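1. Just need the structure, nothing else, for what follows:
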Amino acid sequence: MINKSSITSDRLILQPLNDDHLDTLLNIYNSETNMKYIPNAHKKWTLKELKAKYHKFETYHEYGIYAIIFKESGKIIGEAGLFDYNNNAHIVELGYIIDSEFWHIGLGTEVCQTLINHCFNEAGFTTIIARMYADNKASVKVSEKCGMLLTSTFTDSNGKQGLEYRSVKPAI
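-> The predicted structure follows:
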């Protein structure tokens, strides 16, 4: 898919997505627990639907989805993505899904901080957005640990309360 480099952290490799990752990611997507806080999540994904989702992002240079690989085991444990935000070349939206087996050990924070550093230091973005449901306490905590600030609230089409956090590249 998209040709970009892997991004590494202490415990993780964020690897450009390829077809070898799809079966594992499909299992992650088809876990109700994993998808609990994902807006508009399907209850049952097909490989065709997942491929179509990922295909949307393969033409953008710094945007796209990475497989999250746990270095210790080499296991794919989720995905992390950088997404267009209102066609603004300086702003990117960050999102991630981690298999529930790997929750509560700091990997969400590690993924987000790694992508924030990449966006500011390598990709040239000046602002990073993270949006989540208000009841997703873990993602709220991750955003705050990564230095993001709550900038707005919203209500989705189902009437569910959401939060938008932002991080702005520090002036040099």
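
2. Not counting residues beside it along the chain, what's closest to residue 76?
-> residue 24 (4.3 Å; C-beta to C-beta, 6 or more residues apart in numbering). C-beta: built from backbone N, CA, C; applies to glycine.

3. Isn't that neighbour up against residue 78?
-> No: the criterion here is C-beta atoms under 8 Å, and residue 24 misses it with residue 78 at 9.2 Å.

4. So for these two, which sits in the more crowded spot?
-> residue 78 (27 against 17; other C-beta atoms under 10 Å).

5. what sits against that one?
-> Remark: with contacts taken as C-beta atoms under 8 Å, 6 or more residues apart in numbering, residue 78 is in contact with 25, 28, 34, 67, 68, 96, 97, 98, 99, 102, 111.

6. redo that, cut-off 6 Å
-> 28, 68, 97, 98, 99 (C-beta atoms under 6 Å, 6 or more residues apart in numbering).

7. Of those residues, which is the nearest to residue 172?
-> residue 68 (30.0 Å; C-beta to C-beta).

8. hmm, back to that, surely the residue nearest to residue 76 is within a helix?
-> Yes: using DSSP: H, G, I helix; E, B strand; the rest coil, the assignment for residue 24 is a helix.

9. okay, it: pLDDT?
-> Residue 24 carries a pLDDT score of 96 in this model.
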